[in-house]
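A.B. asks: Predicted model, plus sequence, below.
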Amino acid sequence: MLERMTSPTELQLLPLLLVVPLVPVSGVCLYYAVSKDAAARGANATGWGAAVFLLPPIGGPVYAVYRRRLPERTEPLGRTSDCSARSVSAG
């Protein structure tokens, strides 16, 4: 039997079919990161997250500039970093 040969057009579309699903996934990741950073700095987390998700080419750079005016990050209450939560005893 003859196997079906893929046309050059189908092969050219393969990178597009692999990249297009990654765009919304990366947008969600960027939304999460910006909203967590904004919340830790006392800014409007939902607003900045939505701005970065809906308008990434504009929202991302604007937040990067705006976050310089925000106070330093504060860790959420009840959380500790990995380094301070672990203790190693020698002996």
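C.D. replies: Now that the structure is in, tell me what you want to look at. Numbering: from 1, shown residues only.

A.B. asks: what ranges of this protein fall below the confidence cut-off?
C.D. replies: 1-8, 75-91 (pLDDT under 70).

A.B. asks: following the helix or strand harbouring residue 33, which helix or strand comes up?
C.D. replies: Assigned by DSSP states H and E, residue 33 belongs to helix 22-40. Next helix or strand after helix 22-40 toward the C-terminus (DSSP H and E): helix 45-54.

A.B. asks: mind listing what's buried in that next one?
C.D. replies: 45, 48-49, 51-53 (16 or more other Cβ atoms under 10 Å). Every C-beta, even on glycine, is put in place using the N, C-alpha and C of the backbone.

A.B. asks: List just the nearest of these to residue 14.
C.D. replies: residue 53 (27.0 Å; Cβ to Cβ).

A.B. asks: Relative to residue 13, how far out is that closest one?
C.D. replies: Applying Cβ to Cβ, to the nearest Å, the value for residue 53 to residue 13 is 26 Å.

A.B. asks: Residue 50 against residue 28, yeah?
C.D. replies: No. Residue 50 is beyond contact range of residue 28, at 11.8 Å (criterion: Cβ atoms under 8 Å).

A.B. asks: Report the separation between residue 73 and residue 45.
C.D. replies: Distance from residue 73 to residue 45, by Cβ to Cβ: 12 Å.
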